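Undergrad: Sequence first, then the predicted structure, then my questions.
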Amino acid sequence: MNRLCPWIEVDTSRETFRHDRNDARSSFGPVLALCGMLFASPAPAQRLQTLIDAAPERSVLRVPAGIWDGNIELRKKLSIVGDQGTVIRGSGQGSTVTILADSCRLEGCIVERSGGMLAQEDAGILVKSSGNVLVNNELRDVLFGVYLFASHDNIIDSNRIRGRKELELGARGSGMHLWNSRGNSLKGNRVEDVRDGIYMQYANRTMIEGNDISGVRYGLHYMYADSNVFVGNVFRKNVAGAAVMYSRDIVIRRNMFIHNRGFASYGILFQDCHGITADSNIVADNVVGLFFEASSDNVFRHNIIAQNDVALTMFQNAERNVFTENTFVDNLSPITVIGRSTSTRWSEGTQGNFWSSYDGYDLDQDGIGDVPARIQNVFQYLEGQVPNLRLFLYSPAAQALSRATSAFPVLDMSKEFDRYPLMRPFDDRVLMQAYAATEARTKSEAVQQRPSLPVLSGLVVAFGVVTLLPFRFIKRRKMN
């Protein structure tokens, strides 16, 4: 029997709390009013912590709807399950929820009002243990969302994380922050209005699947983390899509890096990365699609790189990377090489890539162009050495230089050729359907964020009043 409220019985065989108010009225009528206050909304400060402390280990605590004030800590194995409208409201200092015991569960709660100290890792949920499950929670008005600190084998599933939009990007925390943590699963979460959507450092063997990151600085900020898998994530409308640095043996498959349009930003940056496999991703409408520096022995296959200002930027020290069966469509510039040339292989076997700018022919109808595709013309080569020349990319002079070197190749500056260019793009209808659905969702959100017609009308009227009122006042003074 629970000492705090006599009618809350712990069923240790099923590990659940049962709350029977009818039995309480018949057997414990005199204490009903006092204990009923625990379940009123809003709840008294620290009362939820008292319930947690009183709950037996390995039990399930079902928290009724209402506002439960105060930070909480889980120091023993326990499951907390909220009803619709269960709010855990922090004190505004420190982390709202801190999990110190292994194998805890937090489900169906709204977690809000963490502290604001970046150096103290103030988070909505701070996890310093392993084997926990965080599912179907909403985090709002928090500095960091979920912070895994030396925390392994956790499941972070289907949570909604919203940061403090009123803060400057650099003053916010990350949505999901992993430090020195391995074997975690981040699946189906939505993150917005934080500094970095997912930040990973020294975090190996992590599965990142089906997350939607938008409105942040870096959708993915990633360093010193090996053997991780990214599948089916969307990084959209951020300052930059992803920065992957100092890591190896990563699988990046069926993700979207789209509409990342910050100053000099990119879909994905690879800095000192090796052994990466990128397959069937969409990298579209970014300033730079893919950026490589000191990254080698990576394979890119079946990706769609489209409508970027520059499809690829490569330093000369990016060596032995392989591109095969990718689709390059409507990029303003296909590649910028910083240095003389790269050792990139633009085909594997006889399978090159599709280039929408390729003007060759296929007389034998085998689906492969009969002449190599020159990936970079002379002007684009010069642009790699002097980036400001991009302003003149489609000027008459640039086009004339490109045509002249095609007809009379006396200036052999660029060494980048695809010797087996494909005449048709790779057909991945499932990926394109997912992209179409994402674009529709992005447009729908943009429409919802626009001011409504009455609001716009009010703004016009207010502007007219503010603008015309001084003139009417001056006119009246003149008449008088």
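TA: Received the coordinates, thanks.

Undergrad: What average pLDDT does stretch 427-444 get?
TA: Stretch 427-444 shows an average pLDDT of 90 in the prediction.

Undergrad: Okay, buried residues for it please.
TA: Going by neighbour count (16 or more other C-beta atoms under 10 Å), the buried part of stretch 427-444 is 428, 431, 434-435, 438-439, 442. The way it works is simple: take the backbone N, C-alpha and C, and place the C-beta from them, glycine included.

Undergrad: Please name the bridge partners of the spatially most central residue of the chain.
TA: In the chain, the centroid-proximal residue (C-alpha atoms, centre = their mean) is Ile213; its distance is 2.8 Å. Following DSSP bridges, Ile213 is listed with bridge partners Val191, Phe235.

Undergrad: Widest-spaced pair of the buried residues of stretch 427-444?
TA: The most widely separated members of the buried residues of stretch 427-444 are Asp428 and Thr442, with 19.9 Å between them, by C-beta to C-beta.

Undergrad: pLDDT weak spots in the stretch 301-450 of the chain?
TA: With pLDDT under 70 as the threshold, the stretch 301-450 of the chain has low-confidence stretches at 376-395, 397-414, 450.

Undergrad: hey, where'd the helices end up in the protein?
TA: With DSSP state H as the criterion, the chain has helices at 21-27, 29-36, 47-54, 378-385, 396-407, 429-449, 453-479.

Undergrad: and the longest one, average pLDDT?
TA: Spelled out, it's helix 453-479. The pLDDT scores in helix 453-479 average 45.

Undergrad: again with stretch 47-54
TA: Summarised as a single mean, pLDDT over stretch 47-54 is 94.

Undergrad: With stretch 278-288 instead?
TA: Model confidence over stretch 278-288, given as mean pLDDT, is 96.

Undergrad: which residues are in contact with that stretch?
TA: The contact list for stretch 278-288 (C-beta atoms under 8 Å, 6 or more residues apart in numbering) reads 241, 251-268, 289-290, 298-310, 312-313, 428, 431, 435.

Undergrad: For it, measure first residue to last.
TA: One end of stretch 278-288 to the other measures 17 Å (C-alpha to C-alpha, to the nearest Å).

Undergrad: okay but Pro140 is in contact with Arg164, surely?
TA: To be clear, residue 140 is Arg; Pro isn't right here. No - applying C-beta atoms under 8 Å as the test, Arg140 and Arg164 come out as separate, 9.1 Å apart.

Undergrad: Mind giving me the PyMOL select for the contacts of stretch 278-288, buried ones only?
TA: The PyMOL command for the buried members of these (criterion: 16+ other C-beta under 10 Å) is given here:
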select buried, resi 241+252+253+254+255+256+257+258+259+260+265+266+267+268+289+290+298+300+301+302+303+304+305+306+307+308+309+310+312+313+428+431+435
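
Undergrad: Mind checking which of the contacts of stretch 278-288 are in strands?
TA: 241, 251-253, 256-258, 266-268, 289-290, 299-301, 304-306, 310, 312-313 (DSSP state E).

Undergrad: Check the gap between the closest residue to Trp346 other than its chain neighbours and Phe235 for me.
TA: Once flanking residues are discounted, Trp346 sits nearest to Asp418: 4.0 Å by C-beta to C-beta, 6 or more residues apart in numbering. Asp418 is 27 Å from Phe235, where distance means C-beta to C-beta, to the nearest Å.

Undergrad: again, but for Ile125
TA: Ile125 is 22 Å from Phe235, where distance means C-beta to C-beta.

Undergrad: what's the answer for Val447, then?
TA: According to C-beta to C-beta, Val447 stands 21 Å off from Phe235.

Undergrad: out of these two, which sits in the more crowded spot?
TA: Set side by side, Val447 and Phe235 give different neighbour counts by other C-beta atoms under 10 Å, the larger being at Phe235 (30 against 8).

Undergrad: show me what contacts that one?
TA: 197, 213-214, 219-220, 241-242, 255-258, 260.

Undergrad: for those, which one is nearest Glu348?
TA: Of the contacts of Phe235, the one sitting nearest to Glu348 (C-beta to C-beta) turns out to be Asn255, at 21.4 Å.

Undergrad: Next, find the distance separating the closest residue to Arg261 other than its chain neighbours from Glu445.
TA: Distances taken as C-beta to C-beta, 6+ apart place Val287 nearest to Arg261, at 6.3 Å, with adjacent residues excluded. Distance, Val287 to Glu445, by C-beta to C-beta: 22 Å.

Undergrad: what does Leu48 give?
TA: 34 Å.

Undergrad: Settle this for me: Glu138 is touching Asn159, isn't it.
TA: Yes - taking C-beta under 8 Å as the definition, Glu138 is a contact partner of Asn159 at 7.1 Å.

Undergrad: out of those two, which sits in the busier spot?
TA: Asn159 (27 against 17).

Undergrad: any chance you could read off phi and psi for that one?
TA: Dihedral angles of Asn159 (phi, psi; degrees, to the nearest 10) stand at phi -100, psi 150.

Undergrad: Isn't it up against Val142?
TA: No - Asn159 is beyond contact range of Val142, at 11.3 Å (criterion: C-beta under 8 Å).

Undergrad: dump the residue contacts of Ile208.
TA: Contacts for Ile208 (C-beta under 8 Å, 6+ apart) come out as 186-187, 198, 228-231, 233.

Undergrad: rerun that using 10 Å as the cut-off
TA: 156, 176, 178, 184-187, 189, 198, 200, 220, 222, 228-233, 252, 255 (C-beta atoms under 10 Å, 6 or more residues apart in numbering).

Undergrad: Equivalent analysis for Lys76, please.
TA: Taking C-beta under 10 Å, 6+ apart as the test, what Lys76 contacts is 52-53, 55-59, 100-104.

Undergrad: repeat for His152
TA: Applying C-beta under 10 Å, 6+ apart to His152 gives the contacts 102, 127, 129-132, 180-184, 203-205.

Undergrad: Can you tell me how far it is from Ser356?
TA: According to C-beta to C-beta, His152 stands 46 Å off from Ser356.

Undergrad: try Glu209
TA: For Glu209, the distance to Ser356 - C-beta to C-beta - is 31 Å.

Undergrad: quick one: which of the two has more around it?
TA: The residue with more neighbours, out of Glu209 and Ser356, is Glu209; 18 against 12, by other C-beta under 10 Å.

Undergrad: Next one: that one relative to Ser158, how far apart?
TA: Distance of Glu209 to Ser158, computed by C-beta to C-beta: 11 Å.

Undergrad: Which neighbours do those two have in common?
TA: Common contact partners of Glu209 and Ser158 (C-beta under 10 Å, 6+ apart): 187-189.
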